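Enquirer: sequence and predicted model, in that order:
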Amino acid sequence: MTLRLFFHNDDLKANVEVLECAPCENEFAVELRATLFHPQGGGQPYDIGWIGESRVLRVLQDPDRIIHFVDRPVDIGMTLIHVDEQRRRFNTRMHSAGHLIGHFVQAMGWMPIKAHHWPGEGRVQFKPTDAAQDVDPTAVQKAIDQWIDDDLPRLISLREGAREIGFGDLPAYGCGGTHVRSLKDLGVMTIDSISQKKGTLSVHYSVD
């Protein structure tokens, strides 16, 4: 099983051990003993970057290992890995914004069921509970802007072996993704629209 270093720190560089590098069509599939690269999953896109001099093109879960697909072979043994900072920062901000939407809308009686934290496609979807209330985009925006102004800190905890992420005194969510250290790092988040179809409420959003 690949050790997920991003569960515990925000480093973008580390020396790690390459366990395997195998040809895969026009790419090479690399397994590391430990990684800083977040794989695609949990609504968050994969990280890109470098393993040694090889460009990381995509990162996938398979199923208890993380596989890094690169453009050229990597030697077995210790090497430097480097996550692309710009992409990681954007993905982190998108994922954190999605959690804040979840907190507010859940308090309005809606249960989060799915999230998609991709650029240009950000949305969090909900199903109603018996206590579901109308959700006003302006109210969602105002609440999240206030949490960002309050600069709530990120809190990482383990509950029964599962990783949870919270901000300040907001409830924690079970999550394997990456998140800002505190909400000022999120920057500007915009609620673009709220729609409802076949009982599912979708909150669409973006970050600048």
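Expert: Perfect, thanks for sending it.

Enquirer: which SS class is the residue nearest the centre of the chain?
Expert: Residue closest to the mean C-alpha point of the chain, counted by C-alpha atoms, centre = their mean, is residue 177 at 3.7 Å. Three-state assignment for residue 177 (DSSP: H, G, I helix; E, B strand; the rest coil): coil.

Enquirer: now the longest helix anywhere in the chain: mean pLDDT?
Expert: Counting residues, the longest helix found in the chain (DSSP state H) is helix 85-107. For helix 85-107, mean pLDDT rounds to 98.

Enquirer: hang on, the residue nearest to the centre of the chain packs against residue 40?
Expert: No: distance between residue 177 and residue 40: 10.8 Å, which falls outside the contact criterion (C-beta atoms under 8 Å). C-beta: built from backbone N, CA, C; applies to glycine.

Enquirer: count the neighbours of the closest residue to residue 53 other than its chain neighbours for me.
Expert: Excluding the flanking residues, the one nearest residue 53 by C-beta to C-beta, 6 or more residues apart in numbering is residue 72, at 7.3 Å. Residues contacting residue 72 under the criterion other C-beta atoms under 10 Å number 12.

Enquirer: what sits against residue 72?
Expert: By C-beta atoms under 8 Å, 6 or more residues apart in numbering, the contact list for residue 72 reads 28, 53, 54, 55.

Enquirer: how much space separates it from residue 87?
Expert: Residue 72 sits 20 Å away from residue 87, going by C-beta to C-beta, to the nearest Å.

Enquirer: send the alpha carbons of the longest helix of the chain over as PDB?
Expert: Provided in PDB are the C-alpha atoms of helix 85-107 (Å, rounded to 0.1, in the frame of the first residue of the first chain):
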ATOM      1  CA  GLU A  85       2.400  23.900  -7.100                       C
ATOM      2  CA  GLN A  86       0.000  25.900  -9.200                       C
ATOM      3  CA  ARG A  87      -2.300  22.900  -9.900                       C
ATOM      4  CA  ARG A  88      -2.200  21.700  -6.300                       C
ATOM      5  CA  ARG A  89      -3.100  25.100  -4.900                       C
ATOM      6  CA  PHE A  90      -6.100  25.400  -7.200                       C
ATOM      7  CA  ASN A  91      -7.300  21.900  -6.500                       C
ATOM      8  CA  THR A  92      -6.900  22.500  -2.800                       C
ATOM      9  CA  ARG A  93      -8.900  25.700  -2.900                       C
ATOM     10  CA  MET A  94     -11.700  24.100  -4.900                       C
ATOM     11  CA  HIS A  95     -12.000  21.200  -2.500                       C
ATOM     12  CA  SER A  96     -12.000  23.400   0.600                       C
ATOM     13  CA  ALA A  97     -14.700  25.700  -1.000                       C
ATOM     14  CA  GLY A  98     -16.800  22.600  -1.700                       C
ATOM     15  CA  HIS A  99     -16.600  21.600   2.000                       C
ATOM     16  CA  LEU A 100     -17.800  25.100   3.100                       C
ATOM     17  CA  ILE A 101     -20.800  24.800   0.700                       C
ATOM     18  CA  GLY A 102     -21.500  21.400   2.200                       C
ATOM     19  CA  HIS A 103     -21.500  22.800   5.800                       C
ATOM     20  CA  PHE A 104     -24.000  25.600   5.000                       C
ATOM     21  CA  VAL A 105     -26.400  23.700   2.900                       C
ATOM     22  CA  GLN A 106     -26.400  20.700   5.200                       C
ATOM     23  CA  ALA A 107     -27.400  23.000   8.000                       C
END
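
Enquirer: that concludes my questions; thank you for your assistance.
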